[in-house]
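**Student:** return a 3D structure for these sequence lines:
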Amino acid sequence: MNSTRQHFPIIWLTIRQFLGGKAVRVVIGLALIPLVFGVIYLVQPNRERPVLFLGNTIFLELMIPTLLPLTVLVLATSAFGNEIEDRTLPYLTLKPVSRSRIVIEKLAGSVLVSGPIVVLGLTLTYLVMMRGDSGAHLQLLWAMMVASLVATITYSSIFMLVSLLISRALVAALIYLFVWESILGRFVPGLRYVSIRHFVASIFAAVADDPRFALNDATGLAAAVATLTIASVIAVALAVWRLRTMNLT
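**Tutor:** Predicted coordinates for the structure are as follows:
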């Protein structure tokens, strides 16, 4: 463990900052909202099958377009935001570490905190809703996990870049989320194909491999993963460029 911390000090610094701050409590609260919906579902009579409610209503309609990006942006926008706000970023860049490594380790720290929290929230929701029948729908749980982790990496990359470009990164990320992803990306024909939400939903549908979760306009699994990977790489590259060109004096 000590050897790992010595080789990846910025990752551990970022994780400690997150776990010791208030933002992680907000992230945990957002990640547990699906569990609340799951409990509400259990006490409602004349309900649809739990697997459909979890896959369609909770994950496709609530988690992917709203809760998942909200959960990620809280930490991703503060990955550099804390250093920028308290003006300690110049001290970080003075370390004998390349700008690209700083960005990548900051991204890794953000994903390593938000990713497991999101997965834990979904797993608890799954166990509560499926109860004694949980073993029969493990493919659904696996599909939610895969889609969530890919989305976490992509959103973290983009929101981290936003935090380096704009001083009010959280506000800008919220505008992007609700205007582009939730409104334009959902209702304007054609724009969905440049929406992260569309590709995450496509990954979920492909991994679930269940006609009940099929999307009419889904992108193939390989193409969806490749698209989000390219988006993440571009965002990281731009973040490295921005960090190199920032006036830190």
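**Student:** can you give me the offset of the longest helix along the chain from its chain's centre?
**Tutor:** Of all the segments of type helix in the chain, defined by DSSP state H, the longest one is helix 99-130. Distance of helix 99-130 from its chain centroid, counting by C-alpha atoms, centre = their mean, to the nearest Å, is 7 Å.
**Student:** what comes up buried for the next helix or strand after that helix?
**Tutor:** Next helix or strand after helix 99-130 toward the C-terminus (DSSP states H and E): helix 138-165. Within helix 138-165, the residues scored as buried using 16 or more other C-beta atoms under 10 Å are 140-141, 143-164. C-beta coordinates here come from the backbone N, C-alpha and C atoms, glycine included.
**Student:** one more: stretch 162-175?
**Tutor:** The neighbour-count check on stretch 162-175 (16+ other C-beta under 10 Å) flags Val162, Ser163, Leu164, Ala169, Leu170, Ala172, Ala173 as buried.
**Student:** farthest pair in those residues?
**Tutor:** Leu164 and Leu170 (13.2 Å; C-beta to C-beta).
**Student:** closest to the centroid, which residue in the chain?
**Tutor:** Thr152 (2.5 Å; C-alpha atoms, centre = their mean).
**Student:** and the pLDDT at the residue lying closest to it once chain neighbours are set aside?
**Tutor:** Take Thr152 and drop its neighbours on the chain: the residue closest to it by C-beta to C-beta, 6 or more residues apart in numbering is Gly115, 4.7 Å away. At Gly115, the model reports a pLDDT of 94.
**Student:** for Leu89, same thing?
**Tutor:** So, for Leu89, pLDDT stands at 65.
**Student:** now Ala79: phi and psi?
**Tutor:** Backbone torsions of Ala79, given as degrees, to the nearest 10, read phi -60, psi -50.
**Student:** I'd like the numbering to begin with 59 instead of 1 from here.
**Tutor:** Sure, I'll start counting at 59 from here, so that last one is Ala137.
**Student:** isn't it right up against Met218?
**Tutor:** Yes - counting by C-beta atoms under 8 Å, Ala137 touches Met218, with 5.1 Å between them.
**Student:** let me know the secondary structure of Ser225.
**Tutor:** The assignment at Ser225 comes out as coil when based on DSSP: H, G, I helix; E, B strand; the rest coil.
**Student:** what distance do you get for it to Met304?
**Tutor:** 12 Å (C-beta to C-beta, to the nearest Å).
**Student:** residues near Glu106, how many?
**Tutor:** Glu106 has 11 neighbours, counted by other C-beta atoms under 10 Å.
**Student:** no no, Ile98
**Tutor:** 10.
**Student:** okay, and it sits in which element?
**Tutor:** helix 91-100.
**Student:** pLDDT of that helix, averaged?
**Tutor:** In this model, helix 91-100 has a mean pLDDT of 90.
**Student:** with only the CA atoms kept, save it in CSV.
**Tutor:** C-alpha atoms of helix 91-100 as CSV (Å, rounded to 0.1, in the frame of the first residue of the first chain):
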residue,chain,number,x,y,z
ILE,A,91,-31.9,7.9,-4.4
PRO,A,92,-32.5,4.8,-6.6
LEU,A,93,-32.7,2.8,-3.3
VAL,A,94,-35.4,5.1,-2.1
PHE,A,95,-37.4,4.5,-5.3
GLY,A,96,-36.9,0.8,-4.9
VAL,A,97,-38.3,0.9,-1.4
ILE,A,98,-41.3,3.0,-2.6
TYR,A,99,-41.9,0.4,-5.3
LEU,A,100,-42.1,-2.4,-2.8
